[in-house]
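Trainee: Provided below for reference: sequence and predicted model.
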Amino acid sequence: MSNNTYDVIIIGGGIMGSSTAYNLMKADNTLKVVVIEKDETYAKASTTLSMVNSRIQYSLKENVQISQYAAKILDEFEDEMEVNGVKPNIVYRREGNLVILDEKAEPAARQAYEMQKELGCAIEWWSPEKIKEAYPLYNMDGVVAGTFGPEDGHFDAYAVLMGYKAKAKVLGVEYMENEVVDLITANGAITGVKLASGEALSSSTIVNCAGAWAKDLCAKAGISIPVEPTKRQCFAVDPAIKPATALPLTFIPSGLYFRTETGGLILLGKSMDEDPVGYDFNWDQKRFLENLWLELAEFVPAFESLKLIRGWAGLYAVNTKDANSILGEWPDLKGFYLANGFSGHGLQQGPAVGRYMTELITGATPTLDLSIFGPERIIANKPIRESGIF
Ligand SMILES: Cc1cc2nc3c(=O)[nH]c(=O)nc-3n(C[C@H](O)[C@H](O)[C@H](O)COP(=O)(O)OP(=O)(O)OC[C@H]3O[C@@H](n4cnc5c(N)ncnc54)[C@H](O)[C@@H]3O)c2cc1C
């Protein structure tokens, strides 16, 4: 094999690219794998700009199973990713997820709750009284119930990313800081990539892990995918009255979500219809001051007095067809695999997607069948949606 020829080329070294690289080497450490990442500071990668929540509260069975697997991997992660005696510290805090339900949201949530229970998830149906008892600062007006996942939580995304990357490198993966500017194809198959530096690399297996840039990359091979880079904003605030205990990631019916962060801070965010498509990373304090603060203070009146500390903006790779991932080989371009369109819930999907992509590439039987997320449904226009508030 020549120097510029690889068994697998992975484009994008975020959580998807790095988990896939690690899983490939774990499956077969003779593989020659390169991850091409255009910015090794990860300043604009969604992985490092995420809220980093993992939850089992989905209505599609496969999304629940993906998160069940994430919880297992995160529990074992620090030991598994030890390199030369150094273990990553991923600060995995299982402080729970609480979904607040109004009358409209209750029926779909009840169905999802039953399914999650059947799958063996830790999930509890709470009355408004129970919610108030656990979190006395919350206002129960209009609330009919809540679903609480006590084992859900959040972690340090950068630490997990660096953990995967360090281990993948020790197992033999090459990381290259460069930008893929073109895809090379011949006779309905992918054959390589062109880099911004002018080099060309060859491989018959190439994985698109380019996150919010995935659609641009596909376009280089004449492939159109419904994945739009969409700005999402988050804020960190310091409330005058601090809750007595950590608050779980709490989703309220308006779509606002918040949780406690270290140092007495509260993190919050909300996806909004007017969020622009494009590569815009500017955050806007007006959005918090004129909009989200009111919603937050209505549900938590104690948060009427607070200080806005900072905000940030990152990109969701929104699959505009059905807000779910697109996983698998593109039917019309042999060897070109997609791990795209995670629509705001990809971080927790990193472990399962890395394993699944590996199984598809190596021809192993998938441990968890994720074929419902295959690109065929996009071509056939058969969306698969989550129900409920997400
Ligand atoms: C504000 C916000 C909150 C979120 N909250 C959560 C949450 O609570 N829970 C959750 O599970 N998920 C959440 N997400 C979503 C999650 O962060 C993403 O789904 C996940 O990180 C996607 O990982 P990725 O590897 O596909 O993309 P990325 O992390 O963006 O990595 C893609 C990489 O590809 C590189 N790249 C792109 N094009 C090229 C090219 N041509 N050549 C070389 N390199 C290239 C980029 O530089 C980038 O580093 C959130 C996202 C945001 C923005």
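Mentor: Thanks, I have it.

Trainee: got the residues of this protein near the ligand?
Mentor: 11-17, 36-39, 42, 45-47, 49-53, 179-180, 209-213, 217, 232, 234, 314-316, 342, 344-348 (Cβ under 6 Å from any ligand atom). Placement of C-beta: from N, CA and C, glycine included.

Trainee: which helices and strands does the longest helix belonging to the chain pack with?
Mentor: Longest helix of the chain, by residue count under DSSP state H: helix 61-80. If you count contacts as 3 or more Cβ pairs under 8 Å, 6 or more residues apart in numbering; DSSP states H and E, helix 61-80 packs onto strand 53-54, helix 106-118, helix 157-170, helix 350-362.

Trainee: One more pass at 7 Å, please.
Mentor: Helix 61-80 is packed against strand 53-54, helix 350-362, with contacts defined by 3 or more Cβ pairs under 7 Å, 6 or more residues apart in numbering; DSSP states H and E.

Trainee: Save these as TSV, and put in mean pLDDT and distance to Glu124 too.
Mentor: TSV is the format used below for the helices and strands packed on helix 61-80 (pLDDT from 0 to 100; distance: least, Cβ to Cβ, whole Å):
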stretch	mean pLDDT	distance to Glu124
strand 53-54	96	17
helix 350-362	98	24
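
Trainee: okay if I get these as JSON lines plus mean neighbour count?
Mentor: As requested, these are exported to JSON lines (neighbours: other Cβ atoms under 10 Å):
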{"stretch": "strand 53-54", "mean neighbour count": "24"}
{"stretch": "helix 350-362", "mean neighbour count": "24"}
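
Trainee: out of these, nearest to Thr260?
Mentor: strand 53-54 (12.5 Å; Cβ to Cβ).

Trainee: can you give me the offset of the closest one from its chain's centre?
Mentor: 8 Å (Cα atoms, centre = their mean, to the nearest Å).

Trainee: quick one: strands adjacent to that strand?
Mentor: strand 153-154 (antiparallel) (DSSP bridges).

Trainee: Work out the gap between the strand it pairs with and the centre of the chain.
Mentor: The answer for strand 153-154 is 12 Å, by Cα atoms, centre = their mean.

Trainee: contacts for that strand?
Mentor: Here strand 153-154 makes contact (Cβ atoms under 7 Å, 6 or more residues apart in numbering) with Val52, Asn53, Ser54, Tyr92, Arg93, Arg94, Glu95, Gly96, Leu249.

Trainee: ok, the closest residue to the fourth one other than its chain neighbours - contacts?
Mentor: It refers to Tyr92. With Cβ to Cβ, 6 or more residues apart in numbering as the criterion, Tyr92 has its nearest non-adjacent residue at 4.3 Å, and that residue is Phe155. By Cβ under 7 Å, 6+ apart, Phe155 lies in contact with Val52, Leu74, Ile90, Val91, Tyr92.

Trainee: correct me, but the fourth one touches Asp156?
Mentor: Yes: Val91 is within contact range of Asp156, at 4.5 Å (criterion: Cβ atoms under 7 Å).

Trainee: The two - which one has more neighbours?
Mentor: Asp156 (17 against 13; other Cβ atoms under 10 Å).

Trainee: And the helix or strand that contains Ile10, what does it pack against?
Mentor: Secondary structure from DSSP states H and E places Ile10 in strand 8-11. Applying 3+ Cβ pairs under 7 Å, 6+ apart, we find strand 8-11 packed against helix 15-27, strand 33-37, strand 206-208.

Trainee: okay if I get the ones you listed as a markdown table plus mean pLDDT?
Mentor: Compiled in a markdown table, these are given as follows (pLDDT from 0 to 100):
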| stretch | mean pLDDT |
| --- | --- |
| helix 15-27 | 98 |
| strand 33-37 | 98 |
| strand 206-208 | 99 |
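
Trainee: Looking at these, spot the one closest to Arg287.
Mentor: That would be helix 15-27 among those, by Cβ to Cβ, at 26.4 Å.

Trainee: For that closest one, buried residues please.
Mentor: Ile15, Met16, Gly17, Ser18, Ser19, Thr20, Ala21, Tyr22, Asn23, Leu24, Met25 (16 or more other Cβ atoms under 10 Å).

Trainee: closest to the ligand among these?
Mentor: Met16 (3.6 Å; Cβ to the nearest ligand atom).
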